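# Turn this into a model:
(chains A and B)
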Number of protein chains: 2
Amino acid sequence: MEILLVDDFEEALFVLKNLVRQLGHTTLTANDGNEAMKIMRNSNISLVITDWEMPGMNGTELIKAIRNEITSRYVYIIMLTAKGGRSEIVEGLEAGADDFIVKPFNPQELKVRVANGERILQLEKNLAEKNLILEVANEKLTAAYQQIQRDLEAAAALQQKLLPRQNAVIGNYAFDWLFLPSKFIAGDILNFYQIHENYIAFYLLDVAGHGIPSAMLSFSLSQMFTAEAAASRILTPEFRNTQSLENISIENFLSHLNTAFFKPEDTSGFFTILFGVIEISSGRVKIARAGHTLPLLIRKGGEATFIKSKGMPIGILDAVTFEEHHLELYEGDKLIIYSDGITECANGADQMFGTDGLVRFMDFYGKGEVKNLIPLLKDSLIRWKGGQEFNDDVSMLIVSR
Amino acid sequence: MEILLVDDFEEALFVLKNLVRQLGHTTLTANDGNEAMKIMRNSNISLVITDWEMPGMNGTELIKAIRNEITSRYVYIIMLTAKGGRSEIVEGLEAGADDFIVKPFNPQELKVRVANGERILQLEKNLAEKNLILEVANEKLTAAYQQIQRDLEAAAALQQKLLPRQNAVIGNYAFDWLFLPSKFIAGDILNFYQIHENYIAFYLLDVAGHGIPSAMLSFSLSQMFTAEAAASRILTPEFRNTQSLENISIENFLSHLNTAFFKPEDTSGFFTILFGVIEISSGRVKIARAGHTLPLLIRKGGEATFIKSKGMPIGILDAVTFEEHHLELYEGDKLIIYSDGITECANGADQMFGTDGLVRFMDFYGKGEVKNLIPLLKDSLIRWKGGQEFNDDVSMLIVSR
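Below is the predicted model of the structure:
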């Protein structure tokens, strides 16, 4: 390595230089502290052997200057001194010398002390190098990760645009919803819209899994389920004449979806959906369930009860039928549909929020206004989970009359 | 810090212990090297002050044992010796001591030498700690990044499923395509299918931007553009009677798309598309272009020429019209549609592959078989780019008769 030798006595410097070069090192020399500092500022020298007594800036002053100014690297300093006394050694070490050699010195001692300095410097260099490699890797990873995060945020913004407005009212029916993707974008999606002046359609669907592939499918499904597209499948040809709920077939729509999405060679992209239609004038409701969680009905002032019906998820089996369920919403009633991200939300002790938890929540808070229910449920789930990061997408749609 | 003191002479150990404790350190003591090694193995001690001459394992042997066995941390060793001679000091340092103090010693010297050892240990500890923090951060980042990568790979697999088969032949028409997403999933997508026994539809579209949001849109569009959906928009009511190309309206389909996708408040999700229909029996082709790159026509044995027509991208302006272009494909002719990821593919010198580059490529290789053209173009683009990572999605669809 390159070693800086500092001595005002030229002959001593010459001898030292030869000894150090014999050890296999290259050298730079300076005759006093000021000259040495100039070299230190403009080089990467990490090992200095300096004399004590010099004109201008002496050895201890040089050591202090190095410790003060050269902070980007560790400099190992060996002090050469003719002074044999203990207190001088103490003074040199206190100034910040790492080691000292008493003149006249044994070449073997010089060799060992220089080797020792090298050993410590090497140890630090290894650590610093590993540090740098890790820091660079870290920066690259962080940049790559942030790039994807930004991309996911943009995708999330795109998905959010598909969601209906909050606290919407259509006719006498109030809608509110909760949508919390587990990671930016969700495999869940929900919507509601008028498909006819007297009919509102609503749905909540949950694509198997979560993350980007599920979100791609749910995004795609949501874009496909426009009011126009839903109406064209749900309103049967007879509806044109009767305009009656009896000629609205959700079963028809779900069967069509199953035909379109079932691929015998690949059933990984299946999804569950609950689809419903409300007759605005009467409050009569038709719902059909394709493998989805059971909806909850809360009668005005009553307890939450599950509505049961049969139906496989979309895209798992070839020939499936879906059962339509009929009910009536009276003033003050609430119909609640949701994804299993709510009931299967596990707390720190691996206990699920559960259907029990949901019923308990609804029995406690469900009598209040729809617009308060969603924020309360969100808080409740975050408390249960112990944080805002859910393992599965969380979604809910509440319709109340 | 905790310091291990090793001396066989109890009185000396007692004095040393008191001095070291006065410096604010805690101590452990051992009477010889073997006892000291037992302590070293079962503790985290990093500073040792040891005597030279001891029964059993002496000072230099202890130093060698520590250097040999305790490798998980750096141990700073100060040797205490009554021997004043230089060669003994050399021997101690050669064994691996970091410093030495000649007995009887000055308490000030002990203080400075211990402080020096602490300084070096602290320096290393800081580096090691920073290292550990970085390593842990690195691991977490890597895990998070890999999780997203896996998710993106799954999304890519899902998107790949939407692609048509390679080297397909429908009637006398051969199709081949290139699809290279810039990052796993693409905002480009392409497809071809029969929409009637005498008609094949084909398209290539490019959603603005790239990455996850664009891929979500292109995925969604591809799922919407089923043969059935395309047929229902392209085949006009008159087609049922005439079954003629004259009653096929791509313009109708593109206008419908623009109406469905144009949102005055948000035109960020626009896309370009080139859509075409081939009359199988005659080779007559209708194409319409919505802001897309100009398609290339290569007549059998001839040069590549661009086909020009007007049309804005889908989703940018409210009322737009699209121009249909008519041509005929004869045996040996090729029609080539592609995304700007090819023409705008920049090399290291920031030069684009360009429309010129594409024409030159096609003039050179375009006379060969379709199935050879795509691999050749892929190689050519990778050579141009100097790697497999493209900044934008790359896609091409070739139809030949």
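# List the beta-bridge partners for A:Y173.
With DSSP bridges as the criterion, A:Y173 is bridged to A:I170.
# Check the one 5 residues further on too.
When bridges are taken as DSSP bridges, the partners of A:L178 come out as A:M396.
# Burial check on it, number of neighbours?
A:L178: 22 surrounding residues under other C-beta atoms under 10 Å in any protein chain shown. C-beta coordinates here come from the backbone N, C-alpha and C atoms, glycine included.
# wouldn't it be in contact with A:D393 here?
No. In this structure, A:L178 is not within contact of A:D393 by C-beta atoms under 8 Å, at 10.6 Å.
# Mind listing the strands the helix or strand where A:H325 lies pairs with, and their directions?
According to DSSP states H and E, A:H325 maps onto strand A:324-328. Note on strand A:324-328: by DSSP bridges, its sheet partners are strand A:284-290 (antiparallel).
# what residues does the partner strand touch?
Residues outside strand A:284-290 that contact it (C-beta atoms under 8 Å, 6 or more residues apart in numbering or on different chains) are A:245, A:248, A:250-251, A:254, A:257-258, A:271-279, A:295, A:307, A:309-314, A:320, A:322-329, A:335.
# Averaged pLDDT, it. What do you get?
In this model, strand A:284-290 has a mean pLDDT of 95.
# Just the helices from the stretch 1-150 of chain A, written as ranges.
Ranges of helices within the stretch 1-150 of chain A are A:10-22, A:33-41, A:59-69, A:86-95, A:107-160, based on DSSP state H, counting those that start in this stretch.
# In TSV: those helices, plus distance to chain B, mean neighbour count and mean pLDDT.
Formatted as TSV, the helices of the stretch 1-150 of chain A follow (distance: least, C-beta to the nearest C-beta, whole Å; neighbours: other C-beta atoms under 10 Å in any protein chain shown; pLDDT from 0 to 100):
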stretch	distance to chain B	mean neighbour count	mean pLDDT
helix A:10-22	14	15	94
helix A:33-41	18	18	95
helix A:59-69	10	19	94
helix A:86-95	4	19	77
helix A:107-160	4	16	85
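# between those helices, which one is nearest to B:F219?
B:F219 lies closest to helix A:107-160 among the helices of the stretch 1-150 of chain A, at 11.0 Å (C-beta to C-beta).
# Going by contacts, tell me the helices and strands next to the closest one.
Applying 3 or more C-beta pairs under 8 Å, 6 or more residues apart in numbering or on different chains; DSSP states H and E, we find helix A:107-160 packed against helix A:10-22, strand A:47-51, strand A:76-81, strand A:99-102, helix A:212-224, helix B:86-95, helix B:107-160, helix B:212-224.
# mind putting those in JSON lines, distance to B:E303 included?
As requested, the helices and strands packed on helix A:107-160 are exported to JSON lines (distance: least, C-beta to C-beta, whole Å):
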{"stretch": "helix A:10-22", "distance to B:E303": "73"}
{"stretch": "strand A:47-51", "distance to B:E303": "71"}
{"stretch": "strand A:76-81", "distance to B:E303": "73"}
{"stretch": "strand A:99-102", "distance to B:E303": "80"}
{"stretch": "helix A:212-224", "distance to B:E303": "41"}
{"stretch": "helix B:86-95", "distance to B:E303": "82"}
{"stretch": "helix B:107-160", "distance to B:E303": "34"}
{"stretch": "helix B:212-224", "distance to B:E303": "32"}
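# Compare those and give me the one nearest A:E88.
Nearest to A:E88 among these is strand A:76-81 (6.3 Å), distances taken as C-beta to C-beta.
# Skip the chain neighbours and tell me the closest residue to A:L381.
Using C-beta to C-beta, 6 or more residues apart in numbering or on different chains and skipping the chain neighbours, the partner closest in space to A:L381 is A:C345 (5.7 Å).
# how much space between the one you found and A:S182?
From A:C345 across to A:S182, the span is 10 Å (C-beta to C-beta, to the nearest Å).
# overlap in contacts of A:L178 and A:D393?
What both A:L178 and A:D393 touch, as defined by C-beta under 8 Å, 6+ apart, is an empty set.
# just to revisit the earlier point, more neighbours: A:C345 and A:S182, which one.
A direct count of neighbours by other C-beta under 10 Å for A:C345 and A:S182 places A:C345 higher, at 23 against 18.
# Name the helix or strand of chain A that has the lowest mean pLDDT.
Ranked by mean pLDDT, DSSP states H and E, the weakest helix or strand in chain A is helix A:86-95, scoring a mean of 77.
# OK, contacts around the residue nearest to A:L381?
Listed by C-beta under 8 Å, 6+ apart, the contact set of A:C345 reads A:352-353, A:381, A:384-385, A:390-392, A:394.
# surely A:T60 meets A:A95?
Yes. In this structure, A:T60 is within contact of A:A95 by C-beta under 8 Å, at 4.0 Å.
# Relative to the whole chain's centre, how far out is stretch A:223-243?
41 Å (C-alpha atoms, centre = their mean, to the nearest Å).
# Contacts for that stretch, please.
For stretch A:223-243, the external contacting residues (C-beta under 8 Å, 6+ apart) are A:162, A:191, A:193-196, A:198, A:201, A:203, A:247-250, A:252-253, A:256, A:277, B:220, B:223-224, B:260.
# same question, stretch A:253-260
Applying C-beta under 8 Å, 6+ apart, the contact partners of stretch A:253-260 are A:230, A:233-234, A:273, A:275, A:288, A:290, A:311, A:314-315, A:317, A:320-322, B:226.
# one more time with 10 Å
Here stretch A:253-260 makes contact (C-beta atoms under 10 Å, 6 or more residues apart in numbering or on different chains) with A:201, A:203, A:205, A:221, A:224-225, A:229-235, A:249, A:270-271, A:273, A:275, A:277, A:288-290, A:311-322, A:324, B:223, B:226, B:228.
# Next to chain B, which bits of the stretch 201-350 of chain A? Give me the list.
Taking C-beta under 10 Å from any C-beta of the partner chain as the measure of proximity, the stretch 201-350 of chain A contacts chain B at A:209-224, A:226, A:228-229, A:232, A:260-261, A:263, A:265-266, A:268-269.
# Pull out the buried members of the residues you listed.
Buried members of those, scored by 16 or more other C-beta atoms under 10 Å in any protein chain shown, are A:209-224, A:229, A:261, A:269.
# which neighbours do A:C345 and A:S182 share?
Common contacts of A:C345 and A:S182 (C-beta under 10 Å, 6+ apart): A:390-392, A:394.
# Chain B: which of the residues you listed is nearest?
Of all the shared contacts of A:C345 and A:S182, chain B sits closest to A:N391, with 12.6 Å by C-beta to the nearest C-beta.
# if we can go back for a sec, could you dump the contacts of A:C345 to a markdown table with pLDDT, secondary structure and neighbour count?
A markdown table is the format used below for these (pLDDT from 0 to 100; DSSP: H, G, I helix; E, B strand; the rest coil; neighbours: other C-beta atoms under 10 Å in any protein chain shown):
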| residue | pLDDT | secondary structure | neighbour count |
| --- | --- | --- | --- |
| A:M352 | 93 | strand | 15 |
| A:F353 | 94 | coil | 22 |
| A:L381 | 94 | helix | 23 |
| A:W384 | 93 | helix | 19 |
| A:K385 | 92 | helix | 17 |
| A:F390 | 90 | coil | 21 |
| A:N391 | 88 | coil | 13 |
| A:D392 | 91 | coil | 23 |
| A:V394 | 94 | strand | 27 |
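# neighbours around the residue of the stretch 301-401 of chain A found nearest chain B, how many?
Here the residue of the stretch 301-401 of chain A nearest chain B is A:E389; by C-beta to the nearest C-beta that distance is 12.1 Å. A:E389: 10 surrounding residues under other C-beta under 10 Å.
# wait, doesn't it sit right on A:G341?
No. The criterion here is C-beta atoms under 10 Å, and A:E389 misses it with A:G341 at 12.0 Å.
# which residues do the two both contact?
Residues touching both A:E389 and A:G341 by C-beta under 10 Å, 6+ apart: A:180, A:182.
# Alright, I will stop here.
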